[in-house]
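1. I would like the atomic coordinates for the input below:
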Amino acid sequence: MSLVKKRTMTERKLAANRRNGALSRGAATAEGKERIGAAQLRHGFYAEAQDVALRRLGEDPGEFEELLAGLREEFTPAGALQERLVTRLARVLWLMDRADRSHEGQALRRARSADDGRENRVHARLMRLRMTAGSLQSLARSVAREHYVTRARDLELMRSLQQDPELGEMGEIALALFCQLQDPGAYDEAGNPVDTHEAQQKVLMRIKEIFGLAGNAPRQPNAAASSGHAPENPSGSDDGGLADKSCLSAPPTQPDPYPHITEAEWQAREPVRQLLENILTHQAEMCEAQRQAILKESVAGPSPYELAAEFAPSHSAALLMHRIQAASMREVRRLTDLLLKIKG
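-> Got it, this is the predicted structure:
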């Protein structure tokens, strides 16, 4: 129970208040509005501090004054309470605009970072595709020679290309074919004979199933290959195979570097060599086509959907900024309702 007696409002007093309230609608002329606006600058210290703060944040104090003047014109505050409410509403709206600028600033930073990272990634991928295509073309030219036998540098280059994600399973198949085309009479670094079948048997069987290669039975090496010596002279003479004197007048020919590989074995190796050449050529063409497509996409630039995904608010303060905006919107609604009720 209150100890202060509440004053009773008579009908005469209420009517007088209504008449006075109808007359007090705030400044109507430009001079009056300017005088009311200048009334807020009586405490110059605080007004100057606000201007300094706004300028320090990169904002224009004149734009805030225009917002405040527009709200005064719309709500025509009468009295100190309404004036403070209008000023408060202007500040909340200004804070909402500041939050929008913060979101846009964060998006701009992410856009610049994404652009730099995208350009570096695209440039690196283009260079990798170009180098891969060049290496594949070089290998294809080497394999295209007649009676091709895998060379050590070709095998090392193919092993390095096998790690390239652009080749995938085709890199493993090409490496297995290179191993199959090795010299059957060669020796590895440990001095053991190179086995061209057992090491890659499972992979080669799978290749033959995919591409329909015949001759699944392993090839039996001849005696010369197993012994590591050149085959004997089939003529049986000890004249070094020069019984035919007509050969003396023929021009000298390049000695066969692989005399232990028979013609039948060369024919058996030919389908594998052709398959390897086709795979290398096709993969080189695919890498070049992919490089051209990526180059075309980089010139056109990312789509709006890709940009929106890159600019999505992912920083730690994104949720807090959304909450601040929601709270500001509720504050605007409360202040507007309160002003409308007071004015009504």
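
2. the helices in the stretch 51-200 of the chain, which residues?
-> 61-75, 80-143, 152-162, 169-180 (DSSP state H, counting those that start in this stretch).

3. in the first one, what counts as buried?
-> Read that as helix 61-75. Within helix 61-75, the residues that count as buried by 16 or more other C-beta atoms under 10 Å are 64, 67-68, 71-72, 75. The C-beta positions use only the backbone N, C-alpha and C, and glycine is treated the same way.

4. For residue 93, state which of the residues you listed is nearest.
-> Proximity of the buried residues of helix 61-75 to residue 93 was ranked by C-beta to C-beta; the top entry is residue 67 with 6.4 Å.

5. The closest one reaches residue 89, doesn't it?
-> No. Here residue 67 lies out of contact with residue 89, judged by C-beta atoms under 8 Å, at a distance of 9.4 Å.

6. export the buried residues of helix 61-75 to JSON lines and tack on pLDDT?
-> JSON lines is the format used below for those (pLDDT from 0 to 100):
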{"residue": "64", "pLDDT": "90"}
{"residue": "67", "pLDDT": "91"}
{"residue": "68", "pLDDT": "91"}
{"residue": "71", "pLDDT": "91"}
{"residue": "72", "pLDDT": "90"}
{"residue": "75", "pLDDT": "89"}
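
7. shaky segments in the stretch 101-250 of the chain?
-> Counting by pLDDT under 70, the stretch 101-250 of the chain contains low-confidence residues at 185-250.

8. Closest one to residue 83 out of the buried residues of helix 61-75, please.
-> The shortest gap between residue 83 and any of those belongs to residue 72, at 7.9 Å (C-beta to C-beta).

9. for the residue nearest to the closest one when sequence neighbours are not counted, what are its contacts?
-> Closest residue to residue 72 apart from its sequence neighbours, by C-beta to C-beta, 6 or more residues apart in numbering: residue 86 at 5.8 Å. For residue 86, the set of contacting residues under the criterion of C-beta atoms under 8 Å, 6 or more residues apart in numbering consists of 68, 71-72, 75, 77, 339.

10. ok so, going back, of the helices of the stretch 51-200 of the chain, which stretch is the most buried?
-> Taking mean count of other C-beta atoms under 10 Å as the contact definition, the stretch among the helices of the stretch 51-200 of the chain with the greatest mean neighbour count is helix 169-180, which reaches a mean of 20.

11. Restricting to C-alpha, output that one in PDB.
-> What follows is helix 169-180, C-alpha atoms only, in PDB (Å, rounded to 0.1, in the frame of the first residue of the first chain):
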ATOM      1  CA  GLU A 169      44.800 -45.700 -62.400                       C
ATOM      2  CA  MET A 170      46.100 -45.200 -65.900                       C
ATOM      3  CA  GLY A 171      49.500 -44.300 -64.400                       C
ATOM      4  CA  GLU A 172      49.600 -47.700 -62.600                       C
ATOM      5  CA  ILE A 173      48.700 -49.500 -65.900                       C
ATOM      6  CA  ALA A 174      51.400 -47.600 -67.800                       C
ATOM      7  CA  LEU A 175      54.000 -48.300 -65.200                       C
ATOM      8  CA  ALA A 176      53.100 -52.000 -65.300                       C
ATOM      9  CA  LEU A 177      53.400 -52.000 -69.100                       C
ATOM     10  CA  PHE A 178      56.800 -50.300 -68.900                       C
ATOM     11  CA  CYS A 179      57.900 -53.100 -66.500                       C
ATOM     12  CA  GLN A 180      56.700 -55.700 -68.900                       C
END
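
12. Can you name every helix or strand that that helix contacts?
-> Using 3 or more C-beta pairs under 8 Å, 6 or more residues apart in numbering; DSSP states H and E as the contact criterion, the secondary-structure elements in contact with helix 169-180 are helix 152-162, helix 201-211, helix 263-300.

13. Of all those, which one comes closest to residue 97?
-> Within the helices and strands packed on helix 169-180, the stretch nearest residue 97 is helix 263-300; the backing value is 34.3 Å (C-beta to C-beta).

14. what kind of secondary structure is residue 259 in?
-> Under DSSP: H, G, I helix; E, B strand; the rest coil, residue 259 falls in the coil class.

15. how far away is it from residue 302?
-> Look at residue 259 and residue 302: by C-beta to C-beta, to the nearest Å, they are 60 Å apart.

16. any idea which of the buried residues of helix 61-75 is closest to residue 127?
-> When the buried residues of helix 61-75 are ranked by distance to residue 127 (C-beta to C-beta), residue 64 comes first, at 51.9 Å.

17. So the closest one is in contact with residue 57, correct?
-> No. With contacts counted by C-beta under 8 Å, residue 64 stays clear of residue 57, the gap being 11.1 Å.

18. one step back: Serialize the helices of the stretch 51-200 of the chain to CSV and add fields for distance to residue 274.
-> Listed next are those as CSV, based on distance: least, C-beta to C-beta, whole Å:
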stretch, distance to residue 274
helix 61-75, 76
helix 80-143, 9
helix 152-162, 16
helix 169-180, 10
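
19. Which one of these lies nearest to residue 287?
-> Taking C-beta to C-beta, helix 80-143 is the member of these nearest to residue 287, at 4.0 Å.
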